[in-house]
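# sequence first, then the predicted structure, then my questions.
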Amino acid sequence: MLSGVWRSIAVWAASSVTLLVLAASLPDFRLESAGGDSFTRVALTAAAGAGVFGLLSSLVWPLLVRLLLLVPALVLGLLVFFLNGSLLLLALRLNPSGHGQAALETAVVVAAAMSAVASATGGALAVRDDDAYRRRLSRLADRRHGRRHDGGQAGPATPGVVFVQLDGVGHEVLRTAVDKGLMPTVASWLGPRDGQGPTHRLTPWRTDWSSQTGASQLGILHGSNHDIPAFRWYEKDRHEVMVSNRPTSAAELQRRAVARTGDGGLLSTDGASRGNLFSGGAGQLALVLSVSARRGKENRSRAGYFAYFRDPANAVRTAMSFVAEVGRELGQSLRARCAKQRPRVSRGGLYPLVRAFATVVERDVVVAAVIGDMLAGRTAVYADLVAYDEVAHHSGPHSRDAEKVLQKLDRSLALLAQVAEHAPRPYRIVVLSDHGQSPGETFQARYGLSLGNLVRAGCGLPVPRKAESTHSGTEARAAVRAALRRPVEEGGEKHRPARRRSEPLVLASGNLGLVSFPDVPHRMSKEEIDRRHPALLSTLAHHPGIGFLLVRSEEHGGVVLGAHGAEVPVDRLVDETGPLTGFGPGAADAVRRTHSFPHTADIMVNSWYDPVEGEVLAFEEQIGSHGGLGGAQGRPFLLSPTTLSAPARDGTELVGAERVHHVFRRWLRECAAPGTPLTASVAEPETTPVAPENERAA
């Protein structure tokens, strides 16, 4: 208690000195009367002003932030500076001397500086006291649901597990970053320490054909990603375009997965879900997309914003970093244009703000929420950091811009490791990615037309003169839409059948394209497509930018089509032969599994892939893409503590997100005390099964 009083006095003194320095430096800010005052009087005025400002920041600021949760989160971020400056003006007005005065724009600067100094001073002093440090970090978390224990009491002796997902970071990208010294925290985990062996092991795993967050994260958190053929797809029975990062779609996908497995999810036992598309059955939620469309009190996805922004020092720091990141993106984009870098996509419009949200706001809020979970002693936490994925889409997965993001993510991991030392229970930190990214220019840039226009040409339909392209769909953009309370994208939820009965609907998911004919209620066969559009399949299969097609066949059940008339039934597919040559191991099984899905498109189109350069051709406006087969996008990583059992105990390759789910279940059971109910709906499979064709769509 006494040490806390002395820290408060030290922070008050530092803030008072800051006020004196700023009053001497800024012409529109003064702490003395018009006729002048003695230094003692000015110093007392500064001390009183700093004290009142500190009290207002502690008492009034949290109430303001809670009220402002009624407005979009990004608007709250922009209001941070104004609100903090207004509190300072109020503090000067309440000052007993009545001598303080400042213009509003000056007050904004002064308040920001005082908050930063107070935060730095308090943090530096608190580090020397473990209990105080724990209490300080605890303020970052939303504690409305109550603590499991008091700060002074010992927590559970059994370890908890924190799963940190670095969205879009491929296995080779992580390995290269470690070798370059960009991620010293990860390097220290993988290298020998103090004469002992590494604390973590690095394991690659292989995604399903749909190598994107929706499929991977649903499989990891809920144990089933059946019937997710892509990032976007059309469901004929519901006349609806499903989009993995649309709140309503995410909620429906989660409902189906729970119905299939009969289980709540990976985090159903004392878990927390932070920044994810899906809840995983967690009771503690923040920035979770599948619940962001709920109304009223049921929507807890925004709780993380209040937990973080209620500390004015955090709010000011994040707002300043946000502005700096916008400037950084504008500078990097300008340099790329001046250097005429290729490939390149547009980085204008709102993208600088989206990038800053992903690399600053989302990262800070999610990390703060995880810190609070660890200090509260929760059993399982799963958090997604989307910063790298967003930047790599537009700058490239191996770009300097993306490498800078990796450095910052490594610092976030270092912070979590530091907090783990102060947590009331031991923690195992597992780092993973949901997919990688494959580089390459866009299909539109290389051939001068989009996949949609190529399909129209193959159908004999008129091709618009105006260039058509599919805008990039990323997790960061979905988070921004949810924060702005504008969750619906791409023109609405329902799709009306086109006027022409043969009008195709073409959707893009990275380098995976899906062609559907909405007027036909069932999945069309190759024979039906040939009768309606005789040139379509040959136009697509023989195009140099396309690797292979998957269609249903009345004769063979399903066939894969490639160039030069290649046609292989799905049950005879073999890796690295025919149309699948170069696509790597597991491609045949991945195609067969997707063919079994009820909502697979009439035509599944995978782009060309260069196995030498590792490049694909994105059907979206991305130069780093994922969603289909080909290269690094299908090879994410799993970085796990050596105190946990090996991911693949039988020595086989870890294949599929559902298999990763079972590995994580096993690790939670290894950490739990005997008798702890951590349910698992089925036993862990040794190989990834192909979903049965007749499995119902929930």
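Happy to help now that I have it.
# skip ahead from the lengthiest helix in the chain and say which helix or strand is next.
Longest helix of the chain, by residue count under DSSP state H: helix 312-338. Downstream of helix 312-338, the next assigned helix or strand under DSSP states H and E is helix 351-356.
# CA atoms only: put the helix or strand that that next one is followed by into PDB for me.
Using DSSP H and E, the helix or strand that follows helix 351-356 towards the C-terminus is helix 362-375. Output in PDB follows, covering the C-alpha atoms of helix 362-375 (Å, rounded to 0.1, in the frame of the first residue of the first chain):
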ATOM      1  CA  GLU A 362      -6.600  -4.400 -33.400                       C
ATOM      2  CA  ARG A 363      -3.100  -5.600 -32.200                       C
ATOM      3  CA  ASP A 364      -3.100  -3.400 -29.100                       C
ATOM      4  CA  VAL A 365      -6.700  -4.200 -28.100                       C
ATOM      5  CA  VAL A 366      -6.300  -8.000 -28.600                       C
ATOM      6  CA  VAL A 367      -2.900  -8.100 -26.900                       C
ATOM      7  CA  ALA A 368      -4.300  -6.200 -23.900                       C
ATOM      8  CA  ALA A 369      -7.300  -8.500 -23.700                       C
ATOM      9  CA  VAL A 370      -4.900 -11.600 -23.700                       C
ATOM     10  CA  ILE A 371      -2.900 -10.000 -20.900                       C
ATOM     11  CA  GLY A 372      -6.000  -9.500 -18.900                       C
ATOM     12  CA  ASP A 373      -7.000 -13.200 -19.500                       C
ATOM     13  CA  MET A 374      -3.600 -14.400 -18.300                       C
ATOM     14  CA  LEU A 375      -3.600 -12.300 -15.200                       C
END
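# when you give positions from now on, start the count at 46
Let's use 46 as the start, then, which means that last one is helix 407-420.
# the inter-axis angle of helix 407-420 versus helix 357-383?
Interaxial angle, helix 407-420 versus helix 357-383 (axes from the mean of the first three to the mean of the last three C-alpha atoms, to 10 degrees): 140 degrees.
# if you count contacts, what does helix 407-420 end up packed against?
Counting contacts by 3 or more C-beta pairs under 8 Å, 6 or more residues apart in numbering; DSSP states H and E, helix 407-420 packs against helix 175-183, strand 205-211, strand 316-319, strand 329-331, helix 348-354, helix 357-383, strand 425-430, helix 445-465. All C-beta atoms are positioned from the backbone trio N, CA, C, and that covers glycine.
# so what secondary structure elements neighbour the longest one?
With contacts defined as 3+ C-beta pairs under 8 Å, 6+ apart, the packing partners of helix 357-383 are helix 118-139, helix 149-171, helix 348-354, helix 396-401, helix 407-420.
# and the fourth one, what's buried?
Of the residues in helix 396-401, those with enough neighbours to count as buried (16 or more other C-beta atoms under 10 Å) are 396, 397, 398, 399, 400, 401.
# below-threshold pLDDT in the stretch 396-545 of the chain: ranges please.
511-545 (pLDDT under 70).
# the same query, at a cut-off of 90, please.
Within the stretch 396-545 of the chain, the stretches with pLDDT under 90 are 396-403, 406-407, 409-410, 413, 417, 420, 466-467, 507-545.
# ok so, going back, any chance of the helices and strands packed on helix 407-420 in TSV with distance to residue 621 and mean neighbour count as columns?
What follows is the helices and strands packed on helix 407-420, written out as TSV (distance: least, C-beta to C-beta, whole Å; neighbours: other C-beta atoms under 10 Å):
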stretch	distance to residue 621	mean neighbour count
helix 175-183	51	17
strand 205-211	30	26
strand 316-319	39	29
strand 329-331	43	27
helix 348-354	45	24
helix 357-383	36	18
strand 425-430	33	27
helix 445-465	30	19
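# mind putting the ones you listed into a markdown table with distance to residue 405?
Formatted as a markdown table, the helices and strands packed on helix 407-420 follow (distance: least, C-beta to C-beta, whole Å):
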| stretch | distance to residue 405 |
| --- | --- |
| helix 175-183 | 19 |
| strand 205-211 | 16 |
| strand 316-319 | 16 |
| strand 329-331 | 17 |
| helix 348-354 | 12 |
| helix 357-383 | 5 |
| strand 425-430 | 11 |
| helix 445-465 | 9 |
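# looking at those, which is nearest to residue 693?
Residue 693 sits nearest to strand 205-211 of all those, at 17.5 Å, using C-beta to C-beta.
# could you give the angle of the closest one to helix 445-465?
Going by the same axes, to 10 degrees, strand 205-211 makes 170 degrees with helix 445-465.
# what angle separates strand 205-211 from strand 425-430?
20 degrees.
# what comes into contact with strand 205-211?
219, 262, 321, 415, 418-419, 422-430, 433, 454, 458, 461, 465, 468, 470-479, 709, 712-713, 716 (C-beta atoms under 8 Å, 6 or more residues apart in numbering).
# quick one: strands adjacent to it?
If you go by DSSP bridges, strand 205-211 pairs up with strand 425-430 (parallel), strand 472-477 (parallel).
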